[in-house]
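Chemist: Need a 3D model of the sequence below.
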Amino acid sequence: MIATLALALALQSTPLRIDWPSLAPLPYRAEPQISPDMLAFVANEVTTRKCPVAIGPGLTLSVDVAVLVDAQDNIRTTVPRAIQCPTVEQYAAAMVAGAARGNLLPRMASADQWYRATVTFTWPK
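Modeler: This next block holds a predicted model:
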């Protein structure tokens, strides 16, 4: 509990430096699926917030999310990689946290470990 609070305070006061390529993929049992409603929400956020990212038929938008998993396979925190669209970043981080709960392969870890998940929104042509 104290370590989690310390991490949260550290994240607020200093930028977190994440070595994205070095993070292992989040070990999902089943990969989460993006629904049409999720695509519509992201498209609306990008448009109304005037985010400088391209969306539309045939395009994709990916958001990397660092995920801290504790020794009991609980999600401790998620940190989205900046894409200049904060609401979509936070939405992707929340999606990963929700999709990971009860959906991780068992690990033999005795300590917290960071992983990487990528949420990819793909608009049909």
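Chemist: Show me what counts as buried in stretch 36-53.
Modeler: In terms of neighbour count (16 or more other C-beta atoms under 10 Å), stretch 36-53 has its buried residues at 38-39, 42-43, 45-46, 51. Yep, even glycine has a C-beta here, placed from its N, CA and C like the rest.
Chemist: Could I get the average pLDDT for that stretch?
Modeler: The average of the pLDDT scores along stretch 36-53 is 95.
Chemist: and residue 99, how many residues sit next to it?
Modeler: 19 (other C-beta atoms under 10 Å).
Chemist: right, and it touches residue 28 too?
Modeler: Yes - using C-beta atoms under 8 Å, residue 99 makes contact with residue 28 at a distance of 7.1 Å.
Chemist: Residues in contact with stretch 70-78: which ones?
Modeler: 4, 7-8, 11, 65-69, 93-94, 96-97, 100-101, 104, 106-107, 109-112 (C-beta atoms under 8 Å, 6 or more residues apart in numbering).
Chemist: 10 Å instead?
Modeler: 3-4, 7-8, 11, 16, 26-27, 65-69, 90, 92-115, 117 (C-beta atoms under 10 Å, 6 or more residues apart in numbering).
Chemist: Narrow those residues to just the buried residues.
Modeler: Buried residues within those, counting neighbours by 16+ other C-beta under 10 Å: 26, 65-69, 92-93, 95-97, 99-100, 104, 112-115, 117.
Chemist: which residues are common contacts for residue 99 and residue 28?
Modeler: residue 117.
Chemist: Could you report the neighbour count for residue 89?
Modeler: For residue 89, the neighbour count with other C-beta under 10 Å is 21.
Chemist: Can you tell me, leaving aside adjacent residues, what's nearest to it?
Modeler: residue 80 (3.8 Å; C-beta to C-beta, 6 or more residues apart in numbering).
Chemist: so that neighbour touches residue 116, yeah?
Modeler: No - here residue 80 does not reach residue 116: they are 11.0 Å apart, not a contact under C-beta atoms under 10 Å.
Chemist: ok now do residue 103, which residues does it touch?
Modeler: Neighbours of residue 103 in contact, by C-beta under 10 Å, 6+ apart: 26-32, 73.
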